[in-house]
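Undergrad: Take this sequence and fold it.
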Amino acid sequence: MTLLPALPILLPLAGAIACMLLRRHGALQRGLNILFSVLILGAAVALLAAARDGSILVLQAGGWPAPFGISLVVDLLSAIMLVLGGLMAVAVSVYAWFDMDEGRMRFGFAPLFLIMLMGVNGAFVAGDLFNLYVWFEVLLTASFILLALGGERPQLEGSIKYVALNLLSSAMFLAGVGILYGMAGTLNMAQLAVAIGQGGQGGLVTMVAVMFMMGFGIKAGMFPLFFWLPASYPTPPAAVSAIFSGLLTKVGVYALIRVFTLVFCGDTAFTHLLILAGAGLTMLSGVLGAASQHEIRRILSFHIVSQIGYMVMGLGLFTALALAGTVFYLIHHIVVKTNLFLVAGAIHRLKGSYDLDELGGLYRERPYLSILFMVPAMSLAGVPPLSGFFAKLVLILAGLRAGAWVVVSVALVVSLLTLYSMTKIWANAFWAPAPEPAASDRSGMDRATWRRFLLPMAALAALTVCFGLFAGPVFGLAQDAAAQLMDPAGYIRAVLGGQ
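TA: Residues are numbered from 1 along each chain as shown. Below you'll find the model as predicted:
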């Protein structure tokens, strides 16, 4: 038995405790936040190396065999998500060192950040539905406080909408868990896959599947209950918005992928067609919302919604190629969207505004920042040879092979409208002349500090370029993860052993 699957949970817990003990020392908290983020990334890389050959790592907590105990399970998809989460944690914690004010540090930014990471990582390794619910509540609680940290009115308004819709999602999830336990007598996902696969309660299982679809769909920001996301994500500091945009909705997407490839795959003609329809509507509603906005973070928040549609599209198509496209898209989008919110925060640091009417001239004033925006923006729009192009190409090919002409058409139109939104930000904030009188540089940083401030954005932009230039190996990794998802027998054997 290996303890590796527990490290992504234990490390952020230890870091949060250490930060709380040093709550009066802001500089030490900043350093510990970065240190434990690096350790979390190291543990995730070790898990990915162990899972790369197709192995599935299982830790039965307390030595209790499944399905009686708590199972922590890491397959290739879980390991990929853990590595991405660790990378974003490191980038955002370094950014927060320079950007987070002392007041929010004193009120617990660092321990809350690490507790939220613990919840995210716990969801990625959870082997049963009840513990998945528990980790959702951990990250929801920490993220709610992070969202409201500072007590500004827009933050409080956004946090109320955020928590209200997510509590509705949690209630739906918990109700589905209760019904499922009454039907199968277990909540271990591997055992559920066996029990439900034997059939006998088809209509009831489909009803529960729809409940889970709605519960996880709200958390992922899917149509129609996505409006909490653009109302809440633009309100906190840039570091908080960045980690939210990169990770939180992706936990909902991960949960959808996990249960609809392992547990609820007996009525795909209905459930996955419903997911596919939701994907198309999510793409379209999100990009239209973005096109109508004129404030950078609201544009980016609506684009989170539209891009979730692409990820869920692969699950709805439910072929090996489509799932590989979904995994590739997750890898691409988590990096790109986190980076775009970091760049937006840097713009606000310079100009004191996110409103496009109050910005301009950044291309001449800060050419490096302009490049750091252009790389993730064009990748989000799907411009070759960046990662977004290949991620969208795989999904489009999968849709064409499956004959899903409508959703493919929607995906292509949405890609063009995404390009329009990104060029609107570029034209107004970077290329247009600065408004008169020009806003002064409000960063409060000397040149050396500013360069260090740009480091996490530069690293993520370089990663985006590498994902495009080396799309073959990245796609190979995504294909291997998709192959495991399409053949759940290996997951079931790893968790249940000889049972």
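
Undergrad: all strands of this structure, in order?
TA: Here the chain has its strands, by DSSP state E, at 57-60, 71-74.

Undergrad: got CSV for those, with distance to Pro376 and mean neighbour count too?
TA: (C-beta placed from N, C-alpha, C; glycine too.) Converted to CSV, those look like this (distance: least, Cβ to Cβ, whole Å; neighbours: other Cβ atoms under 10 Å):
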stretch, distance to Pro376, mean neighbour count
strand 57-60, 32, 20
strand 71-74, 28, 26
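
Undergrad: in the protein, what secondary structure element scores lowest on mean pLDDT?
TA: helix 102-106 (a mean of 82; mean pLDDT, DSSP states H and E).

Undergrad: which strands and helices sit next to that one?
TA: Helix 102-106 sits against helix 26-51, with contacts defined as 3 or more Cβ pairs under 8 Å, 6 or more residues apart in numbering; DSSP states H and E.

Undergrad: buried ones in the helix it packs on?
TA: By neighbour count on 16 or more other Cβ atoms under 10 Å, the buried set for helix 26-51 is 26, 29-34, 36-41, 43-44, 46-48, 50-51.

Undergrad: What are the boundaries of the helices in the stretch 1-150 of the chain?
TA: Assigned by DSSP state H, counting those that start in this stretch, the stretch 1-150 of the chain shows helices spanning 7-21, 26-51, 76-99, 102-106, 109-125, 129-148.

Undergrad: how much does the longest one deviate in direction from helix 76-99?
TA: Helix 26-51 runs at 160 degrees relative to helix 76-99, counting by axes from the mean of the first three to the mean of the last three Cα atoms, to 10 degrees.

Undergrad: what pLDDT, on average, does helix 26-51 get?
TA: Mean pLDDT, helix 26-51: 94.

Undergrad: who does that helix touch, helix- and strand-wise?
TA: By 3+ Cβ pairs under 8 Å, 6+ apart, helix 26-51 packs against helix 7-21, strand 57-60, strand 71-74, helix 76-99, helix 102-106, helix 109-125.

Undergrad: which one of those is the most hemmed in?
TA: Counting by mean count of other Cβ atoms under 10 Å, helix 109-125 has the highest mean neighbour count of the helices and strands packed on helix 26-51, with a mean of 27.

Undergrad: ok so, going back, I'd like the helices and strands packed on helix 26-51 as CSV, with distance to Ser232 appended.
TA: Output for the helices and strands packed on helix 26-51, formatted as CSV (distance: least, Cβ to Cβ, whole Å):
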stretch, distance to Ser232
helix 7-21, 23
strand 57-60, 34
strand 71-74, 30
helix 76-99, 17
helix 102-106, 17
helix 109-125, 14
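
Undergrad: looking at those, which has the lowest confidence?
TA: With a mean of 82, helix 102-106 has the lowest mean pLDDT of the helices and strands packed on helix 26-51.

Undergrad: What lies in contact with that one?
TA: 23-24, 26, 29-30, 149-150, 237 (Cβ atoms under 8 Å, 6 or more residues apart in numbering).

Undergrad: mind showing which ranges of this structure have poor pLDDT?
TA: For the chain, the stretches flagged by pLDDT under 70 are 1, 151, 199-202, 436-444, 498-499.

Undergrad: you'd agree Ala290 is up against Ser421?
TA: Yes - the pair Ala290 and Ser421 qualifies as a contact (Cβ atoms under 8 Å) at a distance of 4.7 Å.

Undergrad: anything in contact with each of those two?
TA: 299, 303.

Undergrad: Now for Ala291: which residues touch it?
TA: Contacts for Ala291 (Cβ under 8 Å, 6+ apart) come out as 417, 420-421.

Undergrad: Please narrow those residues to those residing in helices.
TA: Using DSSP state H, the members of these that fall within helices are 417, 420-421.

Undergrad: Just send those residues back as JSON lines, with neighbour count and distance to Ser387 too.
TA: Output for these, formatted as JSON lines (neighbours: other Cβ atoms under 10 Å; distance: Cβ to Cβ, whole Å):
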{"residue": "Leu417", "neighbour count": "19", "distance to Ser387": "19"}
{"residue": "Tyr420", "neighbour count": "13", "distance to Ser387": "20"}
{"residue": "Ser421", "neighbour count": "23", "distance to Ser387": "18"}
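
Undergrad: So which of these is the closest to Ala277?
TA: Ala277 lies nearest to Leu417 out of those, by Cβ to Cβ, at 19.4 Å.

Undergrad: That closest one contacts Val287, doesn't it?
TA: Yes - counting by Cβ under 8 Å, Leu417 does reach Val287; the two are 4.5 Å apart.

Undergrad: can you list contacts of stretch 145-156?
TA: Contacts to stretch 145-156, defined as Cβ under 8 Å, 6+ apart, come from residues 103-104, 107-109, 112-113, 116, 158-159, 162, 232, 235-237, 240, 244.

Undergrad: how about 6 Å then?
TA: Under the criterion Cβ atoms under 6 Å, 6 or more residues apart in numbering, residues 104, 107, 112, 159, 162, 235-236, 240 lie in contact with stretch 145-156.

Undergrad: Just among those residues, which is most surrounded?
TA: Within those, most neighbours by other Cβ atoms under 10 Å means Val240, with 27 neighbours.

Undergrad: dump the residue contacts of it.
TA: Neighbours of Val240 in contact, by Cβ under 6 Å, 6+ apart: Leu146.

Undergrad: Quick check: it vs Asp101, distance?
TA: Distance from Val240 to Asp101, counting by Cβ to Cβ, to the nearest Å: 12 Å.

Undergrad: Equivalent analysis for Thr268, please.
TA: With Cβ to Cβ as the criterion, Thr268 and Asp101 are 50 Å apart.

Undergrad: Could you report the neighbour count for Ala483?
TA: So Ala483, with other Cβ under 10 Å, has 15 neighbours.

Undergrad: do the same with the one 5 residues further on
TA: Neighbouring residues of Pro488 were enumerated by other Cβ under 10 Å; the total is 20.

Undergrad: How about Phe328?
TA: 29.

Undergrad: quick one: it and Phe467, what's the gap?
TA: 9 Å.

Undergrad: How about stretch 371-382, which residues are buried there?
TA: Neighbour counts over stretch 371-382 (16+ other Cβ under 10 Å) mark 372-382 as buried.
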